[in-house]
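Asker: Next comes the sequence, and after it the predicted model I'd like to discuss.
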Amino acid sequence: MGMKVVIVGGVAGGASAAARLRRLNEDAEIIMFEKGEYISFANCGLPYYIGEVIRDKDDLLVQTPEKMKERFNIDVRTRTEVIRIIPERKVVEVKNIITGELYTESYDKLVLSPGAEPIRPNLPGMESSRIFTLRNIPDTFRIKDYVDKMKPERAIVVGAGFIGLETAENLHMMGVKVTVVELADHVIGPLDFEMAAIVQQHMKSKKVELYLKDAVKSFAETDSDITVELASGRNVKADMVVIGIGVRPDSGLAMHAGLKLGQTGGILTDKHMCTSNPDIYAVGDAVEVTDFIYGNPMLVPLAGPANKQGRIAADNICGNHEEYRGTQGTSIVKVFDITVAMTGNNEKSLKRNDVDYEKSFTHSPSHAGYYPGSSMISIKLLFGKTDGKILGAQIVGNEGVDKRIDVLATAIRAKMTVFDVERLELAYAPPYSSAKDPVNMAAYVAGNILKGDSRVFHWDEVENIDTEKSLLLDVRTNGEYDLGTIKGAVNIPVDELRDRLDEVPEDKDIYIFCQIGLRGYVAYRILAQRGYAAVRNLSGGYRTYKAAVQGRS
């Protein structure tokens, strides 16, 4: 008889471990316990069922117990909760949720994939039937049934993370007026402020109300609606509330079994996904991972890492030595008509690690401007100040965002520098890209900064510029200047600059800007070669500055 492996929890981590185990060991006895009704479902697809983008319930099921039994010969027991692990006896205590029956099951190896649970704040009025969380299929059906039967006109989404914004969009698609409340000063936590500001502008254009830097204090339900009292003193009425303020690792089972937890509260594992007990492995959202770039402990509840960890745990159980080498947090989300993606470190984590970094902003067309349908892609690149190593990237745009973030995620994994990325040969034809792909462009701009060919300043430094001692030079056209500029700026269009150099004082610091940074760079090169020493160009131009400043108001 082969070894006996018990898996606690399905979805991405548990299900991938089970399937991999069977592919490696035909004789193993594999039992999977799942306290829910469904063993492997598309968590990431749940909001789209509410908005009727995904219409068939069955499309949300990745695997069923029957299919798992048929193809992989796995004994799947749903509605069965593991309530205790007794490591010294190598057994788990199990409860059948339907019958209440208790029994024990022995194991040779145990894989924990309990996932994460939604954070439900302990606030007055939380017990209202109008308040929902969205984490699993029953949650989804509850929200969908409520929307279909009660036809709510107004909804409040608390939390502007991935699930919160996807839920907001899908409720909006069902004709519901949505208000989003978020404690931070911007949406999507891993984004930096000025990139999130672009997303916020887009949400406002869709008539979504956004209350930032505000939190829920209490809920009060009446017969007809629910009133949400915010910390700012504002009261907002709605027909329903969805709480999406994040998740916490479901690590209670592991803790009570005496397994070590990490400083984040996630289950501690080694690179082989083995816990502090040599016969127990853990994978997925409940596990503390390390940041690929700096090795810091963190929690990253994403399906991609969970899948890889499940596979690696199975490999190691079967004697194949495989290592999990850290998480980058590469992620992507659709917010109405735009796509938002990120990978690697943001500025907050770079500052926390005392990293000497530089950043650049570029706005490039998604494909050749002369081929119809092109739209703007905004890329923020974070890179080492001395070595140019790529440390993080954030991209917002309409189309082509996904392939660009994947190139940069690959570059980070390969420890490439901006100079390596300049040289990447990426696919080009007019409907898809430009001869200089937006990724190449971002790297060229970053490389120019590092080589000293272009000294830059950033949107958040503008307010500290003393216009008595410095010249703010807007090199856009007169028409663009008239539509709005930075206070105190003088307008000399770049195409007239060579003939109007006498208007540019040599004894002042010159701060140049244009719309996206390109004409500013051209102007910078003209002045730098004419002997002007103290010249800088605004990275990302007026476009980045304006979005960020509006985001503050």
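Answerer: Perfect, thanks for sending it.
Asker: What segments of the stretch 401-550 of the chain are helices?
Answerer: Counting by DSSP state H, counting those that start in this stretch, the stretch 401-550 of the chain has helices at residues 401-413, 418-422, 438-451, 478-483, 518-529, 541-552.
Asker: Verify the contact between residue 108 and residue 4 for me.
Answerer: Yes. The pair residue 108 / residue 4 is scored as a contact, 4.9 Å apart, by Cβ atoms under 8 Å. Every residue, glycine included, has its C-beta placed from N, CA and C.
Asker: Find the least confident helix or strand in the chain, judged by mean pLDDT.
Answerer: Lowest on mean pLDDT, DSSP states H and E among the helices and strands of the chain sits strand 40-41, with a mean of 67.
Asker: hmm, what's the outermost residue in the protein?
Answerer: residue 502 (48.7 Å; Cα atoms, centre = their mean).
Asker: what's the pLDDT at that one?
Answerer: Note on residue 502: pLDDT of 95.
Asker: With residue 1 instead?
Answerer: pLDDT, read off for residue 1, is 55.
Asker: cool, residue 369 as well?
Answerer: You'll see residue 369 listed with a pLDDT of 86.
Asker: That one: what's its closest spatial neighbour, skipping adjacent residues?
Answerer: residue 434 (7.8 Å; Cβ to Cβ, 6 or more residues apart in numbering).
Asker: For that neighbour, give me its contacts.
Answerer: 364-365, 367-369, 428 (Cβ atoms under 8 Å, 6 or more residues apart in numbering).
Asker: Drop anything exposed from those.
Answerer: Buried members of these, counted by 16 or more other Cβ atoms under 10 Å: 364-365, 367-368.
Asker: Just the ones of the residues you listed in strands?
Answerer: Cross-referencing the buried ones among the contacts of residue 434 against strands under DSSP state E gives 364-365.
Asker: Pull up the gap between residue 166 and residue 242, please.
Answerer: Going from residue 166 to residue 242 by Cβ to Cβ, to the nearest Å gives 10 Å.
Asker: again with residue 453
Answerer: For residue 453, the distance to residue 242 (Cβ to Cβ) stands at 49 Å.
Asker: re the thing from before, of the buried ones among the contacts of residue 434, which is the nearest to residue 536?
Answerer: Closest approach between the buried ones among the contacts of residue 434 and residue 536, by Cβ to Cβ: residue 364, at 21.4 Å.
Asker: I'd assumed residue 374 was in contact with that closest one.
Answerer: No. Between residue 364 and residue 374 there is no contact under Cβ under 8 Å: 9.6 Å.
Asker: Which pLDDT value belongs to residue 300?
Answerer: Note for residue 300: predicted pLDDT of 88.
Asker: residues contacting it?
Answerer: By Cβ under 8 Å, 6+ apart, the neighbours of residue 300 are 289, 327, 329.
Asker: Which one of those residues is nearest to residue 515?
Answerer: Minimum separation from residue 515 among the contacts of residue 300 (Cβ to Cβ) is found for residue 329, which lies at 31.0 Å.
Asker: what residues are up against that closest one?
Answerer: 190, 291, 298, 300, 302, 342-344.
Asker: For it, which three-state class applies?
Answerer: Per DSSP: H, G, I helix; E, B strand; the rest coil, the secondary structure class of residue 329 is coil.
Asker: one step back: hmm, who's touching the next helix or strand after the least confident helix or strand of the chain?
Answerer: Using DSSP states H and E, the helix or strand that follows strand 40-41 in sequence is helix 46-50. Helix 46-50 has contacts (Cβ under 8 Å, 6+ apart) with 54-55, 57, 60, 134-137, 139-140, 143-144, 147, 163, 166-167, 169-171, 174.
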